[in-house]
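Undergrad: just to be clear, the model below is a prediction. Sequence and coordinates:
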Amino acid sequence: MKKVLLITYYWPPAGGPGVQRWLRFVTYLRDYGVEPVLYIPDNPVYPLLDTSLLDEVPPDIRIYRNKIIEPMQWAGRFLKKDVKRISTGIISEHKPSLAERVLLWIRGNFFIPDARILWVRPSVAYLKKVLKTENIDTIVTTGPPHSLHLIGLYLKTETGIKWVADFRDPWTSIGYHKKLRLGPLARNKHKRLEKQVLNTADKILVTSSTTGRELEEITSQPVRVITNGYEAIDYSEESPEPDRLFTLSHIGSLLSGRNPEALWRALQQLTEESKEFRMSFRLRFAGVVSPDVLESIRQHGLEPFLELLEYMPHSRIIKIQRQSQILLLIEINSPETRGILPGKLFEYLASKRPVLAVGPEDWEAGDIIREARAGTVFNYGSGDEIKKTVFQWFEKYQEGSLQVASRGIQKFSRKELTRSLAKELLWE
């Protein structure tokens, strides 16, 4: 069996989407002839924790750990509230605090590509010994944080080892880069490092075709698409009874830019025009929500219908998805987000509940939803169409017939995706 070293920052007990992709791949890789060996930080600072995921780590996986210096931990001693917002991705669209602006400027211009850069050089020295001890000839780096790709870059340069760079999100083209207040020198350094990584790695993995096409403009190295997916075992049991109320649920973070006022306006009108809708409707957010989004909800008179749930174990999230009447998928309205395929998209498909998606034009996630016949996709200006669709679904909910049967989604199961990944790691 071939050993492959995975270098990752996010690992249980980390919560959130960053941990799911490789936790599931590691679970199945040995079924396809690959023995994963892990390298993770010994003392990380995770913005979200889900200790239940520790039970899902294969017990006999070899894991190497090395200490990491976390600059944001120092800042958090003095500016805890501002650091927490930035760590979870919640950056105000309107009036970020002075502390936020200063932290973002420091983060963008002094820690390139990110605040985990101080882990790079110690990791390279440490891993040279691990590669010899374990007789490993292939490494995988997964980012963000993209500083981990620099570990791969230096190991490749200094040892000649085979290197696969996995981009769960884009690097310089991702939307939040504009909010880091980058100076010209920092911006150019990001671009230079990204190009160096992309042209030195032996293979590039991406999570969407859109991102793949973007990176192919920068590199001549092979780019492979392996999307995120769903865990089939989570959906092997009979579906639980749907919620008694007409719940529209959004799972995960609602950043400031994910604020479709056309949707809130449509829901406001329905609560004003239909007593039956008003008596049955609930808007559920499970995860971190930006104050900007909450203010927009309040302005549209939807606060009485709002149910806010704190971050919770992934197993509980799966149950909420399967019980909700409608699942909301919302993306920032920008050309830069057309290739974003969040992990929850595939769990939504497996949940077999109707998906109401609002996102940018030519959104790849929208194409997948339409192909699977799993819901309806709108842009940010589709207020009347959203209102009409929601009320049609509400009528089906009243009849007890609101459901979908997503088709062709088996290719997105984690085990099937791991089969494709193993072929790349075995260089077939």
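TA: Perfect, I can see it now.

Undergrad: is residue 219 in contact with residue 200, as I believe?
TA: No. Counting by CB atoms under 8 Å, residue 219 stays clear of residue 200, with 9.1 Å between them. (C-beta placed from N, C-alpha, C; glycine too.)

Undergrad: need the residues touching each of these two.
TA: When CB atoms under 8 Å, 6 or more residues apart in numbering defines a contact, no residue borders residue 219 and residue 200 alike.

Undergrad: got a list of what residue 278 touches?
TA: Residue 278 neighbours (CB under 8 Å, 6+ apart): 270, 271, 272.

Undergrad: pull the contacting residues for the second one.
TA: Each residue near residue 271 by CB under 8 Å, 6+ apart is listed here: 277, 278, 281, 301, 302, 305.

Undergrad: buried subset of these?
TA: Buried subset of those (neighbour count, 16 or more other CB atoms under 10 Å): 277, 281, 302, 305.

Undergrad: skipping adjacent residues, who's closest to the first one in space?
TA: Just to be clear, that refers to residue 277. Excluding the flanking residues, the one nearest residue 277 by CB to CB, 6 or more residues apart in numbering is residue 270, at 4.8 Å.

Undergrad: point out where the chain drops to low pLDDT.
TA: Judged by pLDDT under 70, the chain has its weakly predicted residues at 72-101, 105, 175-179.

Undergrad: in it, which spans are strands?
TA: In the chain, the strands defined using DSSP state E lie at 2-7, 34-41, 62-66, 138-143, 162-167, 203-206, 223-225, 246-251, 281-286, 306-309, 326-330, 355-358, 375-378.

Undergrad: would you turn these into JSON lines with distance to residue 396?
TA: Output for those, formatted as JSON lines (distance: least, CB to CB, whole Å):
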{"stretch": "strand 2-7", "distance to residue 396": "44"}
{"stretch": "strand 34-41", "distance to residue 396": "45"}
{"stretch": "strand 62-66", "distance to residue 396": "48"}
{"stretch": "strand 138-143", "distance to residue 396": "41"}
{"stretch": "strand 162-167", "distance to residue 396": "39"}
{"stretch": "strand 203-206", "distance to residue 396": "37"}
{"stretch": "strand 223-225", "distance to residue 396": "35"}
{"stretch": "strand 246-251", "distance to residue 396": "10"}
{"stretch": "strand 281-286", "distance to residue 396": "15"}
{"stretch": "strand 306-309", "distance to residue 396": "22"}
{"stretch": "strand 326-330", "distance to residue 396": "11"}
{"stretch": "strand 355-358", "distance to residue 396": "13"}
{"stretch": "strand 375-378", "distance to residue 396": "13"}
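
Undergrad: about what we covered before: would you check that the residue nearest to residue 277 makes contact with residue 391?
TA: Yes. When contacts are counted by CB under 8 Å, residue 270 is listed as touching residue 391 (6.1 Å).

Undergrad: any common contacting residues for the two?
TA: By CB under 8 Å, 6+ apart, the residues touching both residue 270 and residue 391 are residue 277.

Undergrad: neighbour count winner among those two?
TA: Per other CB atoms under 10 Å, whichever of residue 270 and residue 391 has more neighbours is residue 270, with 19 against 16.

Undergrad: contacts only, for that one.
TA: Contacts of residue 270 by CB under 8 Å, 6+ apart are 277, 278, 281, 387, 390, 391, 394.

Undergrad: returning to that earlier point: how about the strands of the chain, which one is nearest residue 297?
TA: Nearest of those to residue 297, taken as CB to CB: strand 306-309 at 6.0 Å.

Undergrad: wait, what's in contact with the nearest residue to residue 148 once chain neighbours are set aside?
TA: Closest residue to residue 148 apart from its sequence neighbours, by CB to CB, 6+ apart: residue 141 at 4.6 Å. Contact partners of residue 141, counting by CB under 8 Å, 6+ apart, are 7, 8, 148, 149, 151, 152, 163, 164, 165, 166.

Undergrad: residue 359 too?
TA: Contacts of residue 359 (CB under 8 Å, 6+ apart): 329, 330, 331, 332, 333, 337, 365, 366, 377, 379.
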